[in-house]
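>>> What follows is a predicted protein model with its sequence.
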Amino acid sequence: MKRCHLIVVLAASLLLTGCYPFRSVGLLQERDNLPQYEKAEYKPYRIHVNDEVVYRLITMDETISKVMTRGQTNNGNDVNSYRVFSDGTIDIPFLEPVRVEGLTIEEARQTLEKAFKEIIPDAEIKLSLYNKTFTVLGDINAGTYNIYRDKLTIYQALAMTGDLRDGGDHKHVRIIRPTDGKDPEILDFDIRTNTLIDSKYYYVYPNDVIYVSRTKGSFYKVSSYSALLGLITSSLSLLVSVINYTTLVP
């Protein structure tokens, strides 16, 4: 009777265990019952307060170039970054404060170049964002990662983290995105649908936080059939050990 009871308990526990089907975790699916997202035009990133920028001055006058770029190393790094203050400006040596908040990187480059041309007629400026990172949290390899290219997609960003775990909620991936002087924007989307491509959820911007929660039923699931087979084998081994023990104990 005790053996039958143990077998029933084991069978019930195995029935509660399953694998993750493609419909639950697969990407780029074409199903009508998945959300259908509209295509949206890509919007360049605009500089925020507390962002940091770096620039490179190009001029034919080497003396002026050395003077203007003197001290642009910081703790052994190649360049020194300039933080955007609360008034939206950056403080560059030899220049009046330059307002860059709300500008794209190209617009900020043109603005800074115009300011330099007032003292260096042939000045050319190369400008880039220093803090080009995004953060991931939740049921994923949490951490902060560098944005290595323009127009980084959500797929590329997640691939950098090692991809979503099967237990992650693929229906409700969230991006928390800072906005200018307002509450952060929260984008909630289903990453399984192929219409995610070129939608407003497709690209990852600097300072984004990607959050992936864990599904409620993931505790009872395994990631593959081989894992399920291993669970069954180990459970049967445990059952045999328990039966042998109960047989030997008077």
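Received it, and whenever you're ready, just let me know what you need.
>>> can you list the domains in the protein?
For the chain, the structural domains run 24-43+132-216, 52-129, going by automatic domain parsing.
>>> could you redo those domains as JSON lines and give each row mean neighbour count and mean pLDDT?
Bear in mind the C-beta positions are built from the backbone N, C-alpha and C, glycine included. Formatted as JSON lines, the domains of the chain follow (neighbours: other C-beta atoms under 10 Å; pLDDT from 0 to 100):
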{"stretch": "domain 24-43+132-216", "mean neighbour count": "16", "mean pLDDT": "93"}
{"stretch": "domain 52-129", "mean neighbour count": "15", "mean pLDDT": "87"}
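>>> Give me the three-state assignment for T111.
Three-state call for T111 (DSSP: H, G, I helix; E, B strand; the rest coil): helix.
>>> what does L187 give?
strand.
>>> S199 and E41 touch, don't they?
No. Judged on C-beta atoms under 8 Å, S199 makes no contact with E41 at a distance of 10.7 Å.
>>> ok, longest strand in the chain?
strand 168-179 (DSSP state E).
>>> what distance separates that strand from the middle of the whole chain?
9 Å (C-alpha atoms, centre = their mean, to the nearest Å).
>>> and that strand, which strands flank it?
If you go by DSSP bridges, strand 168-179 pairs up with strand 182-189 (antiparallel), strand 209-214 (antiparallel).
>>> for the protein, what spans make up the helices?
Along the chain, counting by DSSP state H, helices occupy 2-15, 22-25, 62-69, 105-117, 154-160, 225-248.
>>> Alpha carbons only: can I get the second one in PDB?
C-alpha atoms of helix 22-25 as PDB (Å, rounded to 0.1, in the frame of the first residue of the first chain):
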ATOM      1  CA  PHE A  22       7.500  27.000 -29.200                       C
ATOM      2  CA  ARG A  23       4.200  28.900 -29.000                       C
ATOM      3  CA  SER A  24       5.200  30.100 -25.500                       C
ATOM      4  CA  VAL A  25       8.900  31.100 -26.000                       C
END
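>>> ok, residues contacting it?
Contacts of helix 22-25 with the rest of the structure, by C-beta atoms under 8 Å, 6 or more residues apart in numbering, involve Q29, R31, L164, D166, H170, R192.
>>> what's the answer for stretch 103-115, then?
44-47, 53, 55, 92, 95-96, 98-100, 123-129.
>>> ok, back up a step: now tell me what touches the longest strand of the chain from outside.
With C-beta under 8 Å, 6+ apart, strand 168-179 has contacts from 24-25, 48, 138-140, 154, 164, 184-192, 201, 204-205, 207-215, 218.
>>> ok, A40 - contacts?
Listed by C-beta under 8 Å, 6+ apart, the contact partners of A40 are D198, S199, K200, Y202.
>>> Phi and psi next, for the third one.
Summarising the backbone geometry of K200 under the convention degrees, to the nearest 10, its torsions are phi -70, psi -10.
>>> Tell me the spacing between the closest residue in space to it that isn't next to it in sequence and D198.
Leaving aside its chain neighbours, K200 sits nearest to A40 (4.1 Å; criterion: C-beta to C-beta, 6 or more residues apart in numbering). Distance of A40 to D198, computed by C-beta to C-beta, to the nearest Å: 7 Å.
>>> same thing with D208?
Between D208 and D198 the computed distance is 17 Å (C-beta to C-beta).
>>> before we move on, the earlier item: reformat the strands paired with strand 168-179 as CSV; add distance to Y82.
Shown next, in CSV, are the strands paired with strand 168-179 (distance: least, C-beta to C-beta, whole Å):
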stretch, distance to Y82
strand 182-189, 24
strand 209-214, 24
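>>> Show me how far stretch 156-163 is from its chain's centre.
Counting by C-alpha atoms, centre = their mean, stretch 156-163 comes out at 8 Å from the chain centroid.
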